[in-house]
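Q: coords below, sequence missing:
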């Protein structure tokens, strides 16, 4: 990764987003600010519907804020066209979802190769190397529905990392896994994030990600709050922004 990247790799500045439901306007986020450094792992906690997924969509440039800005690697996403945001997202951001989102008609190997193809990368060597690294070397010719949930999530992690993005966004990545498999997947993800020198933001309503997180944030009533987790107690440290 180039050394001239800004130290504040992900920066949110006074980010606000509201949705209108009929005659009612629902304020999902209000003046949310955040800075994440390169290589940092951050957990984003909050109840279902609290705005975690909305925040991830704003960070990815899938949606645009009503006010404020998102900068990834120094680039302000709202200043890019929709096409430019798509290309930027495809190159610099990897996604991991609760439902895996693998393409069912493609084999494991082909799911990863597609991610390389979309980025114009012709070398397919990383596919075999990463699958072997994840213990999936003997599953590369299998279709996703022939894999266990844990195996599918490992494939999803491989697909998210195969093009070496700088930022990984994970939305409830252990939500469909049992506790033990979820712990194994998180430990593996932590190891790979460190190896690939990527920044990781994990959104979840659970506390299972706290074991790997360096920072903990909560979304509550539209506010982004930095927290310290101590055993079963959440101590609100400060409102970010």
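A: Thanks, I have the structure now. What you see is a predicted model, and the numbers here were worked out from it, not measured in a lab. Numbering: from 1, shown residues only.

Q: On the three-state scheme, residue 156 is what?
A: Look at residue 156: counting by DSSP: H, G, I helix; E, B strand; the rest coil, its state is helix.

Q: which residue is nearest the middle of this structure?
A: By C-alpha atoms, centre = their mean, the mean C-alpha position of the chain lies nearest to residue 169, the distance being 0.8 Å.

Q: So for it, what's the pLDDT?
A: On the pLDDT scale, residue 169 is placed at 95.

Q: next one: residue 238
A: At residue 238, the pLDDT value in this model is 43.

Q: Numbering from 769 from now on, please.
A: Shifting the count to begin at 769 puts that one at residue 1006.

Q: The helix or strand containing residue 879 packs against which elements?
A: Here residue 879 sits within helix 876-886, counting by DSSP states H and E. Using 3 or more C-beta pairs under 8 Å, 6 or more residues apart in numbering; DSSP states H and E, the elements in contact with helix 876-886 are helix 893-901, helix 917-929. Where C-beta positions appear, they are placed from N, C-alpha and C, glycine not excepted.

Q: Residue 876: which of those is closest?
A: For these, proximity to residue 876 was assessed by C-beta to C-beta; helix 917-929 is nearest, at 5.3 Å.

Q: buried sites along the closest one?
A: Applying a neighbour-count criterion of 16 or more other C-beta atoms under 10 Å, the buried positions in helix 917-929 are 918, 919, 920, 921, 922, 923, 924, 925, 926, 927, 928, 929.

Q: if we can go back for a sec, quick check: which element contains the residue nearest to the centre of the chain?
A: Residue 937 belongs to strand 935-939 when assigned by DSSP H and E.

Q: name the helices or strands packed onto the helix or strand following that strand?
A: Note on strand 935-939: by DSSP H and E, the next helix or strand toward the C-terminus is helix 947-964. Packing partners of helix 947-964 (3+ C-beta pairs under 8 Å, 6+ apart): helix 917-929.

Q: Quick check: bridge partners of the nearest residue in space to residue 813 that is not next to it in sequence?
A: Distances taken as C-beta to C-beta, 6 or more residues apart in numbering place residue 986 nearest to residue 813, at 4.7 Å, with adjacent residues excluded. Taking DSSP bridges, one finds residue 813, residue 993 as the beta-bridge partners of residue 986.
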